[in-house]
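**Student:** got a sequence here, can you model it:
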Amino acid sequence: MPPAENPILAIAAWLGALTDRLRWLSPAAGAAGAIVAAVLFADITVARGAVGSVVLGLAALPEIAAAWWRHEEEKANGNAVAEAQVLLGQALTPLADLTASLAQGEANPNGIFARACQHAAASCLVPFRDRLDVRALVFAVSEDQQSMTCVAHSGRLPKSEGFRQGTTRGNSAFKVLFGGEPVHVDDIAEERLRSPRAWMGSGNGYDTFITAPIAVGEKGYGLLTVDAPGPGAFSRTDVLLVQLVASMLAGLFAEYANRRREGAESDG
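**Tutor:** Numbers count the residues shown, from 1 in each chain. Predicted coordinates for the structure are as follows:
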């Protein structure tokens, strides 16, 4: 939920979140308020009656704050879902169209492939449009399956040098590719505290990253990676977005490989 605009709303948000998390707080406040009010009303005077009314009102505050906080959370989550749908449409629809163009045999497959990879990299940065320190990269596996080259870059410089099998860093990248599942490392330094050789060679200018394989079945074509200098920059939603874009890229990579194979056969 967005930050409260004034101290009263800030206190209400804090109390509402606390009451929502500690479900016993509202009944306990109500019971305590009822007991104190009963004592005050037992020997009623104008002053005691006024104090008793204030006590009952204060006892109801946690539940009122919790109800308001839940309403604001629902509004924020609804806005987030709507924004996510827009982002997915912006990211995935053009990739589907470009993949269809390749499948239909349109001219200039190299140009279509390059445009699609660049669009995929740029799409991964849309949730971070106010930040200049996030970087997205698309890597393609070489024909001999020994290296991966960066074919598209968006965001923070510099462009990656890629990966080569036989190096610690390259072996880690190919392990992700062949593993078939996205990897999210929230803090590289923390990972190395648990395992000193974890992600050796990685982390040049960044402390956290998401990487997802671009693969169809057991056939790996490359990686889609997003990284940032500060640990904890990415959420589970960001991981899902990168995974979805990588899945769409996989179909395009496969179609591009078919076009290149058909072109080689016709030339032969």
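
**Student:** for Val134, phi and psi?
**Tutor:** phi -90, psi 150 (degrees, to the nearest 10).

**Student:** list the contacts for Leu98?
**Tutor:** If a contact means Cβ atoms under 8 Å, 6 or more residues apart in numbering, then Leu98 has 112, 115-116, 119, 252 as its contacts. For the C-beta atoms, the positions are set from N, CA and C on the backbone; glycine is no exception.

**Student:** check Val183 too.
**Tutor:** Val183 neighbours (Cβ under 8 Å, 6+ apart): 176, 210-212.

**Student:** beta partners for it?
**Tutor:** With DSSP bridges as the criterion, Val183 is bridged to Thr211.

**Student:** look up how far Gly263 lies from it.
**Tutor:** As for Val183, its distance to Gly263 is 34 Å (criterion: Cβ to Cβ, to the nearest Å).

**Student:** ok, now Ala254?
**Tutor:** Per Cβ to Cβ, Ala254 is found 15 Å from Gly263.

**Student:** when those two are compared, which one has more neighbours?
**Tutor:** With neighbours defined as other Cβ atoms under 10 Å, Ala254 and Gly263 compare such that Ala254 has more, 19 against 11.

**Student:** host element of the more buried one?
**Tutor:** With secondary structure defined by DSSP states H and E, Ala254 is part of helix 236-267.

**Student:** can you give me the helices in this protein?
**Tutor:** With DSSP state H as the criterion, the chain has helices at 7-21, 25-42, 46-103, 109-123, 168-179, 188-194, 236-267.

**Student:** how is this structure divided into domains?
**Tutor:** The record assigns the chain these domain ranges, following automatic domain parsing: 7-77, 105-267.

**Student:** mean pLDDT for those domains: which is lowest?
**Tutor:** Looking at the domains of the chain, the lowest mean pLDDT belongs to domain 7-77 (a mean of 61).

**Student:** what sits against Arg192?
**Tutor:** Per Cβ under 8 Å, 6+ apart, neighbours of Arg192: 198-199.

**Student:** if I look at it, how far off is Gly201?
**Tutor:** In terms of Cβ to Cβ, Arg192 sits 12 Å off from Gly201.

**Student:** so what's in contact with these two at the same time?
**Tutor:** Counting by Cβ under 8 Å, 6+ apart, Arg192 and Gly201 have no contacts in common.

**Student:** hang on, the earlier thing: pick the one among the contacts of Val183 closest to Leu223.
**Tutor:** Thr211 (5.4 Å; Cβ to Cβ).

**Student:** so the closest one sits right up against Pro182, yeah?
**Tutor:** Yes - assessed by Cβ atoms under 8 Å, Thr211 is found in contact with Pro182 at 6.7 Å.

**Student:** quick one, which of those two is more surrounded?
**Tutor:** Taking neighbours as other Cβ under 10 Å, Thr211 and Pro182 compare with Thr211 leading, 23 against 20.

**Student:** who touches that one in this structure?
**Tutor:** Contacts were defined as Cβ under 8 Å, 6+ apart; by that measure Thr211 touches 173, 176, 182-183, 223-226, 242.
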